[in-house]
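Participant: what shape does this take:
(chains A and B, ligands or ions: 3)
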Amino acid sequence: MAEDVKNAEEETVEEQKPKSKDEVRVAVIACERSVNLEGELDQTKLNGVDNCDVIQVPCSGMIQPRMIESAFKSGADGVIAMGCQIGDCHFREGNKFCRERLLGLRPPMIKKTVPKNRLQGFWMSEVQVDEFKDRIEEFKSHVANELVKEAAED
Amino acid sequence: MLTNIVRGGQKVILRLEDILNKIFSSEQNILYYHGAMPNFFMWMLFLSGLLLFAYYTPTLEAAYQSVEYITKKLPYGDVIRGIHRYAADAMYLTVVLHAIRVYFTDRYREYRIIAWYSGIALSLFMLVIGISGYILVWDQRSLTIVNKFAEFLAALPFIGETLSHGFINGDIISNYTMSMSFFLHTGTSFALLILLWVHYMRISRPVVNVTWAIGSLLAGLVLVIAGAVPALSGEEANFNAMLPSIPIMDVDWFYLWLFPLIDLVGNYGAWAALIVGLVVVTLLPNFVKSEDSEPASVNKDSCVGCRLCSIDCPYEAIYMAPRNDGSKYKELAVVINDRCAECGLCVGACNFDAIELPTYRSTQVMDDIRIALQD
Ligand code: HEM
Ligand code: SF4
Ligand code: SF4
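Facilitator: Ligands and ions are numbered 1, 2, ... in the order given. The predicted structure follows:
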């Protein structure tokens, strides 16, 4: 198996006081064929949701662990990898592989330094736009809670 | 217009699948097994067919009686016959669903073209199996089928007579005709396996099996229908009282629709409809303009030959070539451009930035993430 020789640098996260739900920053790395975001994006900003950026790729199977790491490093508090519903993938197996990577079952592995509690997979189809926005709001609350817990542990 | 209809169809399919996911979980969603279901029914057909084969006699004198024996005397013979009949219908039904699914979700052209063309051939082969199967019973319907199908074949210019003669297997209906039908039925069934091999040629890890739960459900359904509506023969074939057409209630609409069609529009009309239909489905992939292709490309200097990309590629577009260019690594990933779907699964699998989609490199994705999060 490939050794993970690259990018061994440690990240240093400095949190002062935990962010509120509204301040939480979320990055969504999304398959362009899953939730249809035509007309829902202002550049990368998701309309109607605070602090949520969406970066679209051809398939969730293209999402590399390094992309997720880079999103956290660039200041995201929570990261979502999004593909179509499991069982349906335009490229047959992309979302399945992405999900397995998120679960740590498929190489390349996601680094231990990535806060897994603030990383989630969303598996939704083109037609589930409203559901997607609701789940983002839920996710933001979840991330805010996790940040409070983490601050308490330090 | 066409694209709007297709997109609308895709939305309906996705909504339906979402509902089933919520009820049964995606693991047990039968709609996700649209290719595996016909496969399942095919194995049911091979198994039940094997049992029927043991007692069936393909001669004019004995065929009808041997089927009667199977149905009325052999323990569970009626059930086996019913399974064979209804699994066949179920197979055609699910094949049609499968074809509709791949068409409306736009999964039938370009690098999937082999699957599309072989699928068309598969459905034609299934028609041949179905029509010849109904001849084997040798009741009045069988006789009508032989006659009408022979006339239908003969109507074709140039080769029609030869085809018709070959199908009857002589100048008149005889035991040779039965042998031919028996051969067409079983031989074409085995040919399905070869065609399926072609069908899966470009697909890595095709989903060919349903889950145990779905398999039990499908088998149970067939069994219940076989019990409720037994598959029976009509009157034994009688040359002196031949029916001019198949009575409407005796038409199996999955396999025998050709015959009411012939009654309606004549042999030439039916040929015309069949040929136009075939040409249209064959040309469907050409009705959509394909975008310029920019397949994945490998950077020789970064590739360490770990194979992960070739394992993950869903369309068998990457092979590992031995390398002798002085690199310390033994193998190099090579993309077969025509097969590449430009999906990026190989990019997701590579830990060394060695394989990229030229239209959207992973470094560009990382930059875009950084820029998005900056402000
Ligand atoms: C005996 C009948 C058939 C069987 C058992 C069958 C089975 C399958 C299976 C198991 C797959 C792989 C699905 C996956 O894992 O993604 C597949 C793919 C495919 N089939 Fe069929 N099929 C049949 C007939 C047809 C017909 C009639 C058509 C259309 C004319 C068709 C078109 C396709 C296409 C285009 C694909 C590729 C889909 C993709 O790459 O996503 N098949 N088939
Ligand atoms: S995953 Fe990357 S390094 Fe491994 S064989 Fe493929 S291109 Fe080469
Ligand atoms: S982009 Fe990569 S994984 Fe996808 S088909 Fe092409 S070579 Fe295979």
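Participant: please count neighbours and contacts with C-alpha atoms only from this point.
Facilitator: Noted.
Participant: quick one, what contacts A:Ile29?
Facilitator: Residues counted as contacts of A:Ile29 (CA atoms under 8 Å, 6 or more residues apart in numbering or on different chains) are A:Val54, A:Ile55, A:Gln56, A:Val57, A:Ser60, A:Ile63, A:Val79, A:Ile80, A:Ala81, A:Met82.
Participant: pLDDT score for the closest residue to ligand 3 within chain A?
Facilitator: Using CA to the nearest ligand atom, A:Phe91 is the residue of chain A that sits closest to ligand 3, at 7.6 Å. According to the prediction, A:Phe91 has pLDDT 96.
Participant: how about A:Ser60, what does it touch?
Facilitator: A:Ser60 touches A:Ile29, A:Ala30, A:Cys31, A:Ala81, A:Met82, A:Gly83, A:Gly94, A:Asn95, A:Cys98, B:Leu345, counting by CA under 8 Å, 6+ apart.
Participant: now, those residues that are in strands?
Facilitator: Per DSSP state E, strands hold the following members of the contacts of A:Ser60: A:Ile29, A:Ala30, A:Cys31, A:Ala81, A:Met82, A:Gly83.
Participant: up against chain A, what does the stretch 51-200 of chain B have?
Facilitator: B:Thr105, B:Arg107 (CA under 8 Å from any CA of the partner chain).
Participant: can you name the residues of the stretch 51-200 of chain B that neighbour ligand 1?
Facilitator: The stretch 51-200 of chain B has residues B:Val95, B:Ala99, B:Val102, B:Arg107, B:Tyr108, B:Arg112, B:Ala115, B:Trp116, B:Gly119, B:Ile120, B:Leu122, B:Ser123 near ligand 1, with proximity defined as CA under 6 Å from any ligand atom.
Participant: could you report the neighbour count for the residue of the stretch 251-375 of chain B found nearest chain A?
Facilitator: Closest to chain A within the stretch 251-375 of chain B is B:Gly348: 4.0 Å, counting by CA to the nearest CA. Counted by other CA atoms under 10 Å in any protein chain shown, the residues lying close to B:Gly348 total 30.
Participant: which other helices and strands contact the helix ranked longest in chain B?
Facilitator: When chain B is parsed with DSSP state H, its longest helix is helix B:77-104. Helix B:77-104 is packed against helix B:2-24, helix B:36-55, helix B:63-72, helix B:113-136, helix B:212-228, with contacts defined by 3 or more CA pairs under 8 Å, 6 or more residues apart in numbering or on different chains; DSSP states H and E.
Participant: the closest residue to chain B within chain A - nearest residue in space that isn't next to it in sequence?
Facilitator: Going by CA to the nearest CA, chain B is nearest to A:Met62 of chain A, at 4.0 Å. Of all residues not flanking A:Met62 in the chain, B:Gly348 sits nearest, at 4.0 Å (CA to CA, 6 or more residues apart in numbering or on different chains).
Participant: equivalent analysis for B:Glu151, please.
Facilitator: According to CA to CA, 6+ apart, the nearest residue to B:Glu151 is B:Ser164 (7.1 Å).
Participant: chain center to the longest helix of chain B: distance?
Facilitator: Centroid separation for helix B:77-104 versus its chain: 10 Å, with CA atoms, centre = their mean, to the nearest Å.
Participant: also stretch A:93-112?
Facilitator: Distance, centroid of stretch A:93-112 to centroid of chain: 13 Å (CA atoms, centre = their mean).
Participant: so where's the stretch 101-250 of chain B shaky on pLDDT?
Facilitator: Scanning the stretch 101-250 of chain B for pLDDT under 70 picks out nothing.
Participant: what about the strands in chain A?
Facilitator: Applying DSSP E to chain A gives strands spanning A:26-31, A:41-42, A:45-46, A:52-57, A:78-83, A:119-123.
Participant: show me what the last one is packed against.
Facilitator: In this structure, strand A:119-123 makes packing contacts with strand A:78-83, helix A:94-102, judged by 3+ CA pairs under 8 Å, 6+ apart.
Participant: quick one: name the residues of the stretch 251-375 of chain B near ligand 2.
Facilitator: Near ligand 2, when you scan the stretch 251-375 of chain B using CA under 6 Å from any ligand atom, you find B:298, B:303-309, B:333, B:349-350, B:352, B:354-355.
Participant: out of these, list just those in strands.
Facilitator: Counting by DSSP E, those place B:Val298, B:Ala333, B:Ile355 in strands.
Participant: can I get those residues in TSV with pLDDT and neighbour count?
Facilitator: Shown next, in TSV, are those (pLDDT from 0 to 100; neighbours: other CA atoms under 10 Å in any protein chain shown):
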residue	pLDDT	neighbour count
B:Val298	96	19
B:Ala333	96	25
B:Ile355	96	26
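Participant: which one among the residues you listed gets closest to A:Lys111?
Facilitator: Of all those, A:Lys111 sits closest to B:Ile355, with 20.8 Å by CA to CA.
Participant: identify the residues contacting that closest one.
Facilitator: Shown in contact with B:Ile355 (CA under 8 Å, 6+ apart): B:Ala296, B:Ser297, B:Val298, B:Asn299, B:Cys303, B:Cys346, B:Val347.
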